[in-house]
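Enquirer: task: produce atomic coordinates for the following.
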Amino acid sequence: MAAAPEFVHVACPKCLAQNRVDARRVHEAPKCGRCETLLLDDSIVELDDASFDAFVSRTSVPVLVDFWAPWCGPCRQMAPEFAKAARGLKGRARLAKVNTDLSQALAGRFGIRSIPTLLLLKEGREAGRATGVRPAEDLQEWAASA
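Expert: Residues are numbered from 1 along each chain as shown. Got it, this is the predicted structure:
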């Protein structure tokens, strides 16, 4: 059995600085060393073509990304479940949203053909993909298993 890591890396959702956080203290509301923004709270990070790679590559906890669009009915249905999952995964994962209308290059890079599409990223690499509306409990279980 592998030992738990001593530290996790988390990109700041505001300034994108990489922060090293003691793994035993992730539930103690760590803040960015540069700008003091909370790192592992239950907020959902808005990412785009410019910020996606910097955020994902600097974050070692699982990142669950919802590719969506404002005009999409199922995406709007998914939003409260995604927010509920973010609250349940506080301190264990980061949840992010990518508006495919505004980030078409990113959607193309990941081959997003229908929305909502969810990507589970671990250590910057795709660990899973799902399409359609999912309940918060399924999202939490999926992200926690990464």
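Enquirer: residue ranges with poor pLDDT in this protein?
Expert: 1-5 (pLDDT under 70).
Enquirer: and the strands in it?
Expert: Ranges of strands within the chain are 7-11, 18-22, 44-47, 63-68, 94-99, 117-122, 125-131, based on DSSP state E.
Enquirer: report the distance from the last one to the chain centre.
Expert: Its chain's average C-alpha position is 12 Å from that of strand 125-131, according to C-alpha atoms, centre = their mean, to the nearest Å.
Enquirer: then the shortest one?
Expert: In terms of C-alpha atoms, centre = their mean, the centre of strand 44-47 is set 7 Å apart from its chain centre.
Enquirer: partner strands of it and their direction?
Expert: strand 94-99 (parallel) (DSSP bridges).
Enquirer: and the strand it pairs with with strand 63-68, angle?
Expert: Orientation check (axes from the mean of the first three to the mean of the last three C-alpha atoms, to 10 degrees): strand 94-99 against strand 63-68 gives 20 degrees.
Enquirer: regarding the chain, what is its longest helix?
Expert: Ranked by number of residues, the top helix in the chain under DSSP state H is helix 73-88.
Enquirer: returning to what we had before: could the strands of the chain go into CSV alongside distance to Phe110?
Expert: C-beta: built from backbone N, CA, C; applies to glycine. Converted to CSV, the strands of the chain look like this (distance: least, C-beta to C-beta, whole Å):
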stretch, distance to Phe110
strand 7-11, 18
strand 18-22, 22
strand 44-47, 12
strand 63-68, 7
strand 94-99, 9
strand 117-122, 6
strand 125-131, 8
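Enquirer: any chance of those in CSV, plus distance to Pro74 and mean neighbour count?
Expert: What follows is the strands of the chain, written out as CSV (distance: least, C-beta to C-beta, whole Å; neighbours: other C-beta atoms under 10 Å):
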stretch, distance to Pro74, mean neighbour count
strand 7-11, 28, 19
strand 18-22, 34, 17
strand 44-47, 17, 18
strand 63-68, 9, 24
strand 94-99, 14, 24
strand 117-122, 11, 21
strand 125-131, 9, 13
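Enquirer: for Ala143, find the nearest of the ones you listed.
Expert: Ala143 lies closest, by C-beta to C-beta, to one member of those: strand 63-68, at 4.8 Å.
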